[in-house]
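# test case, fold it:
(chains A and B, ligands or ions: 2)
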Amino acid sequence: MMRIACPNCGLRDEREFAYGGEAHIDRPELDCDDQAWEEYLFLRANPKGEHAERWVHVHGCGVWFNLIRHTETHEVVAVYVMGVARP
Amino acid sequence: MSRYSAFALLRNWLGGNTDWDPVWRSPEPASSYDVIIIGAGGHGLATAYHLAKHYRPGRIAVIDKGWLGGGNTGRNTTIVRSDYFYKESADFYDHSLRLYASLSQELNFNIMYSARGILNLAHSRHEVDFQRRIVNAMQLNGIDAELLGREEVLKFCPVLNGDPNARFPIYGAMRQKRGGTVRHDAVAWGYARAADALGVDILQNTEVTGFRRDISGGVQGVETGKGFIGATKVGIATAGHSSVVAQMAGFRLPVASYGLQAFVSEPVKPVLHTVIGSAVIGSYCSQSDKGGIVCGGGIDPYPSFAQRGSAATMEKVLAGIVQLVPTFSSLRLLRQWAGIVDYTADSSPIIDRSPVPGIYLNVGWGGGGFKAIPAGGEAFAHLIAKDEPHPLTTAFGLQRFRDGALIDEAAAAGIEH
Ligand SMILES: Cc1cc2nc3c(=O)[nH]c(=O)nc-3n(C[C@H](O)[C@H](O)[C@H](O)COP(=O)(O)OP(=O)(O)OC[C@H]3O[C@@H](n4cnc5c(N)ncnc54)[C@H](O)[C@@H]3O)c2cc1C
Ligand SMILES: [Zn+2]
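Ligands and ions are numbered 1, 2, ... in the order given. Down below sits the predicted model:
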């Protein structure tokens, strides 16, 4: 079981959270070409290693935040608030 | 390759079983091949078999970082069916199911196809309506399927929870009778043996670590733990690791990798003679020939390459099984394991050329590619040999993500398996 440190509530059980996809994906302008739109919608990093992603403390305070997690060991390397650049 | 038969069994029994041929060779890698397939799972092995049998493109190798069949092909819950919604999927998966029905003869290897039927349960009026829609679509696509009412379901499968006040009461079910199970290791072993007999080199413990390209960008071969191996055509059939391998070749894939778990109980006498599943509960199970109840469910809720599976998901899947069949709560689990599966946004596979000339893709099977192995191998061999998609898989190309022509099968498939 993973334990994740919510920026508000501290260390909690994995079950209290929901995964919200890769972090730092910017939406392109709506008149972008099809390739940019495809990349925005479908192409994700999917690394075997450290991954920047968004989570929400859904059964807690409800806050969205970013974290960096190793996808092979599930070690949580960093937690940081929304809107901040990847550390 | 000596053929398996009742006579061979008798002859070898008389000889004290010391005279069987090895099932496949363990050759040293050649310096180059005409075609290399990365990944000795069901798809890679079936592809090599079809290539060698029907197209004879020259020398073929299948290479795997681990052992043959050690990936998802040896980890799945063995369920085969063709109850898909869209015409593209229906045609493809039904072709696969039909190939499975005669695969033991084709390969001279008993794959133990058991058409015990598959029962997808409905727990509300709305689900009954939804299933009616799917069954109609299947019948329009020429695929057998039927709806059962509540009483029919309980009569057919008495172990199910028939309590009308259950948390998930049974309102009915859709059934595909030709669905069922196939011994998963036997599929890998059968294809491996048949491909080996046609001269395919199966190279185990040979991890691909990179690609070598020529100045025009085309592929020249692969770097491996055992050195460089040349090839003019390379097929990628590495399931959950498809994006990792694609990255070595310098392109990205529209996939995300997740852990998917399975569980098996201690063996008990025969109690469940069909596959049962529920999309709402998110669990399914069947009884193996050894008597174990083989359980599966949804993927873990976040991407992962950790081949163990989340404990929270395990609890959810098993709670669902106990809802469906309350007496199973007294069973002990013998084993739990997980595989890494690669998901596309529409839960349909990618069988296509890659952005690199000479590299081909058979990936994105998610949690449902076991049933697709015979047809997947046939289509991928066609693509590699002719450099154009097989008619049954033209819709499963990479371009669909740019065009928005998705074949969104998540609803019809309902659940992994
Ligand atoms: C728990 C679970 C239950 C499932 N249940 C079902 C089911 O009931 N029905 C169904 O239809 N499907 C099911 N599936 C899905 C199904 O198992 C897969 O879609 C299918 O096995 C994929 O086959 P494959 O040949 O593409 O991949 P695999 O069998 O995974 O083979 C890929 C191979 O690639 C190798 N590889 C990876 N990277 C490299 C590298 N760098 N170099 C060399 N080799 C490499 C791996 O070692 C592996 O052997 C299930 C999956 C899981 C995990
Ligand atoms: Zn919180």
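
# ok, stretch B:368-382 near ligand 1 or not?
Yes - on the criterion Cβ under 6 Å from any ligand atom, stretch B:368-382 is in touch with ligand 1 at B:368, B:369, B:370, B:371. For glycine as for every other residue, the C-beta is placed from the backbone atoms N, C-alpha and C.

# name the residue of chain A that lies nearest to ligand 1.
Going by Cβ to the nearest ligand atom, ligand 1 is nearest to residue A:48 of chain A, at 9.9 Å.

# out of the residues of stretch B:368-382 next to ligand 1, who's nearest residue B:349?
Residue B:349 has its nearest neighbour among the residues of stretch B:368-382 next to ligand 1 in residue B:369, at 6.7 Å by Cβ to Cβ.

# that older thread, show me which of the residues of stretch B:368-382 next to ligand 1 is closest to ligand 2.
Nearest to ligand 2 among the residues of stretch B:368-382 next to ligand 1: residue B:368, at 35.3 Å, using Cβ to the ion.

# on that earlier part again, quick one, phi psi at the residue of chain A closest to ligand 1?
Backbone torsions for residue A:48, taken as degrees, to the nearest 10, come to phi -90, psi 80.

# cool, and residue B:163?
According to degrees, to the nearest 10, residue B:163 has phi -60, psi 120.

# how about residue 27, what does it touch?
The chain I'm using is chain A. By Cβ atoms under 8 Å, 6 or more residues apart in numbering or on different chains, residue A:27 lies in contact with residue A:40.

# chain B was what I was after
Contacts of residue B:27 by Cβ under 8 Å, 6+ apart are B:201, B:202, B:203.

# picking up where we left off before, if you skip the residues just before and after it, what's nearest to the residue of chain A closest to ligand 1?
residue B:305 (4.5 Å; Cβ to Cβ, 6 or more residues apart in numbering or on different chains).

# neighbours around that neighbour, how many?
For residue B:305, the number of neighbouring residues by other Cβ atoms under 10 Å in any protein chain shown comes to 21.

# for it, give me its contacts.
Counting by Cβ under 8 Å, 6+ apart, residue B:305 touches A:48, A:71, A:72, B:240, B:241, B:257, B:340.

# do the same with residue B:91
By Cβ under 8 Å, 6+ apart, the residues touching residue B:91 are B:141, B:392.

# from chain A, how far out is it?
Going from residue B:91 to chain A by Cβ to the nearest Cβ, to the nearest Å gives 24 Å.

# let's verify that residue: helix, strand, or coil?
Following DSSP: H, G, I helix; E, B strand; the rest coil, residue B:91 is assigned to helix.

# where along chain A do the strands fall?
Secondary structure of chain A (DSSP state E): strands at A:3-6, A:10-13, A:18-22, A:50-56, A:64-70, A:76-81.

# how far off centre is the second one?
The reference is to strand A:10-13. Centroid displacement of strand A:10-13 relative to its chain, using Cα atoms, centre = their mean, to the nearest Å, is 16 Å.

# please identify the pairing partners of that strand and their relative orientation?
Its sheet considered, strand A:10-13 pairs with strand A:3-6 (antiparallel) by DSSP bridges.

# can you name the residues that contact the residue nearest the centre of chain B?
Geometric centre of chain B, nearest residue: residue B:370, 1.3 Å, by Cα atoms, centre = their mean. Counting by Cβ under 8 Å, 6+ apart, residue B:370 makes contact with B:42, B:72, B:73, B:76, B:78, B:79, B:80, B:182, B:184, B:187.

# and the gap between residue B:328 and chain A?
23 Å.

# that residue: what secondary structure?
Following three-state DSSP, residue B:328 is assigned to helix.

# so how far is residue A:4 from it?
Residue B:328 sits 32 Å away from residue A:4, going by Cβ to Cβ, to the nearest Å.

# and the residue nearest to the centre of chain B, that's in a strand?
No - applying three-state DSSP, one finds residue B:370 to be coil, outside a strand.

# hmm, back to that, near ligand 1, from the contacts of residue B:370?
Intersecting the contacts of residue B:370 with the surroundings of ligand 1, defined as Cβ under 6 Å from any ligand atom, gives B:42, B:72, B:73, B:76, B:78, B:79.

# hmm, the last one is touching residue B:275, no?
Yes - with contact taken as Cβ atoms under 8 Å, residue B:79 and residue B:275 are classed as touching, separated by 5.7 Å.

# so what's residue 32 up against?
As the question left the chain open, I've gone with chain A. Contacts of residue A:32 by Cβ under 8 Å, 6+ apart are residue A:40.

# think we crossed wires, I meant chain B
Counting by Cβ under 8 Å, 6+ apart, residue B:32 touches B:59, B:221, B:229, B:230, B:231.

# ditto for residue B:144
Going by Cβ under 8 Å, 6+ apart, residue B:144 touches B:138, B:176, B:177, B:178.

# quick one: which of the residues you listed is nearest to residue B:314?
Proximity of the contacts of residue B:144 to residue B:314 (Cβ to Cβ) peaks at residue B:176, which lies at 27.6 Å.

# OK, contacts around residue B:141?
B:87, B:90, B:91, B:94.

# can I get these in JSON lines with pLDDT and distance to ligand 1?
Output for these, formatted as JSON lines (pLDDT from 0 to 100; distance: Cβ to the nearest ligand atom, whole Å):
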{"residue": "B:87", "pLDDT": "95", "distance to ligand 1": "20"}
{"residue": "B:90", "pLDDT": "95", "distance to ligand 1": "15"}
{"residue": "B:91", "pLDDT": "97", "distance to ligand 1": "17"}
{"residue": "B:94", "pLDDT": "97", "distance to ligand 1": "13"}
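
# which among these end up buried?
Buried by 16 or more other Cβ atoms under 10 Å in any protein chain shown: B:90, B:91, B:94, out of these.

# tell me the pLDDT of residue 64.
Chain wasn't specified; assuming chain A. Residue A:64 carries a pLDDT value of 98.

# the intended chain is chain B.
Note on residue B:64: pLDDT of 98.

# so how far is residue B:51 from it?
17 Å.

# okay, those two: which has more neighbours?
Taking neighbours as other Cβ under 10 Å, residue B:64 and residue B:51 compare with residue B:51 leading, 29 against 25.

# quick one on the thing from earlier: and which of the contacts of residue B:141 is nearest residue B:208?
residue B:91 (32.3 Å).

# how close does the residue of the stretch 51-200 of chain B found nearest ligand 1 sit to residue B:334?
Here the stretch 51-200 of chain B gets closest to ligand 1 at one residue, residue B:71, 2.5 Å apart by Cβ to the nearest ligand atom. Residue B:71 sits 21 Å away from residue B:334, going by Cβ to Cβ.

# which bits of chain B sit near ligand 2?
Counting by Cβ under 5 Å from the ion, chain B comes close to ligand 2 at no residue.

# point out where chain B drops to low pLDDT.
B:411-417 (pLDDT under 70).

# which residues of it fall in helices?
B:6-14, B:42-50, B:87-101, B:103-107, B:125-140, B:150-156, B:184-197, B:242-249, B:311-324, B:373-386, B:399-403, B:410-413 (DSSP state H).

# ok, back up a step: neighbour-wise, which of the residues of stretch B:368-382 next to ligand 1 leads?
Within those, residue B:370 tops the neighbour count with 27 neighbours, counted by other Cβ under 10 Å.

# ramachandran coordinates for that residue?
phi -70, psi -50.

# got a winner among the contacts of residue B:27 for most neighbours?
Top of the contacts of residue B:27 by neighbour count (other Cβ under 10 Å): residue B:202, with 25 neighbours.
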